[in-house]
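*Asks:* Just to be clear, the model below is a prediction. Sequence and coordinates:
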There are 2 protein chains.
Amino acid sequence: MGRVTGDGTVGKALEVLDQVAAFGRPVKFSELLAGSAFPKPTLYRFVQTLTNQQMLSYDPERQTYAPGVRLVRLAHAAWEQSTLAPLARPHIDALSRAVGETVHLAQLDHAQVLYIDKRNAGNPVQMYSQAGKVGPAYCTGVGKVMLAFSDASLVDTIIEQQSFHVFTPHTLSTPDALRDELQKIKANGYGFDREEHEPGIICVAVPILTESGRVLGALSVTSTTSRTNLAGLEGYVPILQDTAEKIARDARNWSFPDYDTKETTRT
Amino acid sequence: MGRVTGDGTVGKALEVLDQVAAFGRPVKFSELLAGSAFPKPTLYRFVQTLTNQQMLSYDPERQTYAPGVRLVRLAHAAWEQSTLAPLARPHIDALSRAVGETVHLAQLDHAQVLYIDKRNAGNPVQMYSQAGKVGPAYCTGVGKVMLAFSDASLVDTIIEQQSFHVFTPHTLSTPDALRDELQKIKANGYGFDREEHEPGIICVAVPILTESGRVLGALSVTSTTSRTNLAGLEGYVPILQDTAEKIARDARNWSFPDYDTKETTRT
DNA sequence: GTTACTGGTTCCATTATTTGAAACTCAGTT
DNA sequence: AACTGAGTTTCAAATAATGGAACCAGTAAC
């Protein structure tokens, strides 16, 4: 039996939802159909159902679908209950005030970095990330740091899923280069992003670890090459580590769901 | 046949998801079962599926479920594509800078107010709202303003769904009181929240309207009674209206999904 | 004005999935 | 050892999903 999705009708519907979201813009039914494994009427019904359920919103004028508002509501609950964000909030605020640069809080989701919170520095440079946004793990400060402190087996599966797309001249473009880097990061306890993802953008990142060493997330301070350099950023390491430490402690007290990163390896 | 949900398996699964989210905290299976219309094994399988799909996260330690991270990812797409937020962003930034108070952007979802963006004033007073959070329509500035400019028929159905819970001594607690207020708001073109939801918190709000008069959302400036008063807030009306106007214009140019607020009346 | 598309929608017999009463497991009690 | 209750599995019956084919606009081409 051709296993395509996983679990049942619901799984398939959610797959469709993901597809719509992946487009990053309102899509027409036909576009969706082209990229979909489902036959026309099936896809059609899914889209209908999802729209009814406000998981998709439909623009009758342009005949396009986009992820719907119900998701925003639901996500708020998710963000508050299943992420480090609410717990880390006061600490990040303090950190942000102290360093006066953009601060990021991220977790690992699937094989990607999921940004969960962010404090914009006084002068907001237009930048990639944002709460809820996902980014590549192999070429971001937070991503590499989280990998560096993850189980070898997990790292293997994640590395396999990386695209190693070359964003800038500095992007680490091979698994080996990345593994080397992870080694060093683990030794140092912190890592940099040396314009590996966006030109001109650099950052320092530290992991947030449970007592037992499990990776909960990561924290980073980001700036631009026009404002500072790696050596400058390195100065933030102590306060970053301090903040990460505090968050980890709170997480333990609040008994944070030790966030099981079990990977259901999907074909 | 007891029609409970609406559309198919997917609808039922999403209903479960909503239930989990509604708890506002991690829930045990048994708690869920108690509040659910589904028989044990059915509910069990739904929860399993949703967990597999990362729509729920499971904490094996405490045996509790909470909305999952996948929602955060999806919601980001929703927020960017199906809400006014991205479009309104620059204008809200400007407004926020100009007034130096907390600014809210909201839309109407179901019969509730959905906050989709927010700018915190310099000194952040701890306050209810937050992006993704929902609030009552009958006792918030943005809520009343949106109602005031909505179709009578829509207002009727929405009013029916309000709880009219009395939050403060100033809360409008009857449909009639609310209708009166809406009348006045429509005449003025803007409305206040006179500590109707939270003591000490007051705000001015204006609607964001399409050319044809359809309500896209609302905008508000919030402050505290210790810092200013209604008369003081009233001074912000011109800049608020100006901002709303600009957002509406952009929305038209970007051809914003004229956001069909069709209400599938549910039993 | 007719004909051929193209994109979206509905039919309906076949098929696969969901359903839930009952039965079972595995703690933790009594 | 027997009991209890939360969580889990079974399995035949009931139901819902499936998708090939047909249908219906519009609209571009002849």
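*Replies:* Sure thing, it's come through.

*Asks:* Please enumerate the strands of chain A.
*Replies:* Ranges of strands within chain A are A:27-28, A:56-59, A:64-67, A:102-109, A:112-119, A:134-136, A:191-194, A:201-209, A:215-224, based on DSSP state E.

*Asks:* Put the alpha carbons of the second one into PDB.
*Replies:* Output for strand A:56-59, consisting of C-alpha atoms alone and laid out as PDB, is shown next (Å, rounded to 0.1, in the frame of the first residue of the first chain):
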ATOM      1  CA  LEU A  56      -8.000  28.500   5.200                       C
ATOM      2  CA  SER A  57      -9.400  31.800   4.100                       C
ATOM      3  CA  TYR A  58     -10.800  32.200   0.700                       C
ATOM      4  CA  ASP A  59     -10.800  35.300  -1.400                       C
END
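
*Asks:* and it with chain B, contact?
*Replies:* Yes: residues of strand A:56-59 contacting chain B under C-beta under 8 Å from any C-beta of the partner chain: A:57, A:58, A:59. C-beta here means a position set from N, CA and C on the backbone, and glycine is covered the same way.

*Asks:* could those be laid out in TSV, adding pLDDT, distance to residue B:222 and neighbour count?
*Replies:* Shown next, in TSV, are the residues of strand A:56-59 next to chain B (pLDDT from 0 to 100; distance: C-beta to C-beta, whole Å; neighbours: other C-beta atoms under 10 Å in any protein chain shown):
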residue	pLDDT	distance to residue B:222	neighbour count
A:57	90	27	24
A:58	89	33	21
A:59	86	31	19
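
*Asks:* will you turn those into TSV that also has distance to DNA strand C?
*Replies:* As requested, the residues of strand A:56-59 next to chain B are exported to TSV (distance: C-beta to the nearest atom of the strand, whole Å):
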residue	distance to DNA strand C
A:57	14
A:58	9
A:59	11
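
*Asks:* Closest to DNA strand D out of the residues you listed?
*Replies:* Ranked by distance to DNA strand D (C-beta to the nearest atom of the strand), those are led by residue A:59 at 16.3 Å.

*Asks:* hang on, isn't the closest one packed against residue A:66?
*Replies:* Yes: at 7.3 Å, residue A:59 counts as touching residue A:66 under the criterion of C-beta atoms under 8 Å.

*Asks:* just to revisit the earlier point, and the strands of chain A: which comes nearest residue B:151?
*Replies:* With C-beta to C-beta, the closest approach to residue B:151 among the strands of chain A belongs to strand A:56-59: 19.1 Å.

*Asks:* Show me what that closest one is packed against.
*Replies:* helix A:40-52, strand A:64-67 (3 or more C-beta pairs under 8 Å, 6 or more residues apart in numbering or on different chains; DSSP states H and E).

*Asks:* Just the buried residues of the longest one, please?
*Replies:* Of the residues in helix A:40-52, A:43, A:45, A:46, A:47, A:49, A:50, A:52 count as buried by neighbour count, 16 or more other C-beta atoms under 10 Å in any protein chain shown.

*Asks:* Could you find the closest non-adjacent residue to the last one?
*Replies:* In space, residue A:52 comes closest to residue B:7 once its chain neighbours are excluded; the distance is 5.4 Å by C-beta to C-beta, 6 or more residues apart in numbering or on different chains.

*Asks:* Out of the buried residues of helix A:40-52, which comes closest to residue A:98?
*Replies:* If you rank those by distance to residue A:98 using C-beta to C-beta, residue A:50 comes first, at 44.2 Å.

*Asks:* Tell me, how many residues neighbour the residue in the stretch 1-150 of chain A that DNA strand C sits nearest to?
*Replies:* Across the stretch 1-150 of chain A, no residue is closer to DNA strand C than residue A:8, which sits at 2.3 Å (C-beta to the nearest atom of the strand). Residues within reach of residue A:8, counting by other C-beta atoms under 10 Å in any protein chain shown, total 16.

*Asks:* Now the residue of the stretch 101-250 of chain A at minimum distance from DNA strand C, what are its backbone angles?
*Replies:* The stretch 101-250 of chain A approaches DNA strand C most closely through residue A:212 (21.5 Å), counting by C-beta to the nearest atom of the strand. Main-chain torsions, residue A:212, degrees, to the nearest 10: phi -80, psi 0.

*Asks:* Alright, calling it a day.
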